[in-house]
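S.K.: generate a structure from the sequence data that follows.
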Amino acid sequence: MASCECCSKISTADALVLGAIQIMIGIFNVLMWYLLLILYMGQIKGVFGTYEPITYRTGCSLWGIIFIISGVSIIKVARHPTQRLLICAMIMNILCMITVIIATVLTVLELSSFDSVSYRNFGQARLGREISRVLLGFYPLELCIAFTYTIFGCIGLCRKNEETFAAGTEEAESAL
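M.R.: A predicted model of the protein is given here:
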């Protein structure tokens, strides 16, 4: 297998797979946000009000767009490896890790507290909480993918900088 020039530890095929998985997770998160939007907008105002968890109000599932952009940047680096694109992909993956941590904290807060809702909206609230549980299962996967690519990207950048430094030192010594 050919390896990516910038990330010498990750093969091109592995980078493409990581990017594709990130894109799929991002699309799944956006579709779940759309489902939650339809679900919570259809609530009937009852005695206890409507159920709007913090993850819904912040658009937490919509943050999957960041996962999609990060996956596209990984695929772009795998196909056309340059140092600038690698740094861009690493920044996007770091942003993904921050987003996943925030989304995980918000989802855990949502699932740990449950206020009373009208009996009319109980089914919708329960389904919304189940969707949040499913999304909570995908967050560690996204975190692992982003972390893995960032670590190997850093290793690749360090190796490339060492090779550049060593080549520059050899040229300076040969000039003397």
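S.K.: what's the closest non-adjacent residue to Ala78?
M.R.: Nearest residue to Ala78, sequence neighbours excluded (C-beta to C-beta, 6 or more residues apart in numbering): Ala15, at 3.7 Å. Quick note: C-beta positions are derived from backbone N, CA and C, even for glycine.
S.K.: I figured the one you found hits Val77, correct?
M.R.: Yes. Using C-beta atoms under 8 Å, Ala15 is in contact with Val77, at 6.8 Å.
S.K.: just want to know which of these two has more residues nearby.
M.R.: Neighbour count, other C-beta atoms under 10 Å: between Ala15 and Val77, Val77 has more, with 29 against 25.
S.K.: tell me which element that one falls in.
M.R.: helix 64-79 (DSSP states H and E).
S.K.: packing partners of the next helix or strand after that helix?
M.R.: Using DSSP H and E, the helix or strand that follows helix 64-79 in sequence is helix 83-112. Packed against helix 83-112 by the contact rule (3 or more C-beta pairs under 8 Å, 6 or more residues apart in numbering; DSSP states H and E) you find helix 54-57, helix 64-79, helix 122-175.
S.K.: most neighbours per residue, which of those?
M.R.: helix 64-79 (a mean of 23; mean count of other C-beta atoms under 10 Å).
S.K.: quick one: residues contacting Trp63.
M.R.: Residues counted as contacts of Trp63 (C-beta atoms under 8 Å, 6 or more residues apart in numbering) are Asn29, Thr99, Ala103.
S.K.: ok, Ser11 to Gly59 distance?
M.R.: 36 Å (C-beta to C-beta, to the nearest Å).
S.K.: so which bits of stretch 28-40 are buried?
M.R.: Neighbour counts over stretch 28-40 (16 or more other C-beta atoms under 10 Å) mark Phe28, Asn29, Val30, Met32, Trp33, Leu36, Leu39, Tyr40 as buried.
S.K.: with secondary structure added, can I get those residues in CSV?
M.R.: Converted to CSV, the buried residues of stretch 28-40 look like this (DSSP: H, G, I helix; E, B strand; the rest coil):
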residue, secondary structure
Phe28, helix
Asn29, helix
Val30, helix
Met32, helix
Trp33, helix
Leu36, helix
Leu39, helix
Tyr40, helix
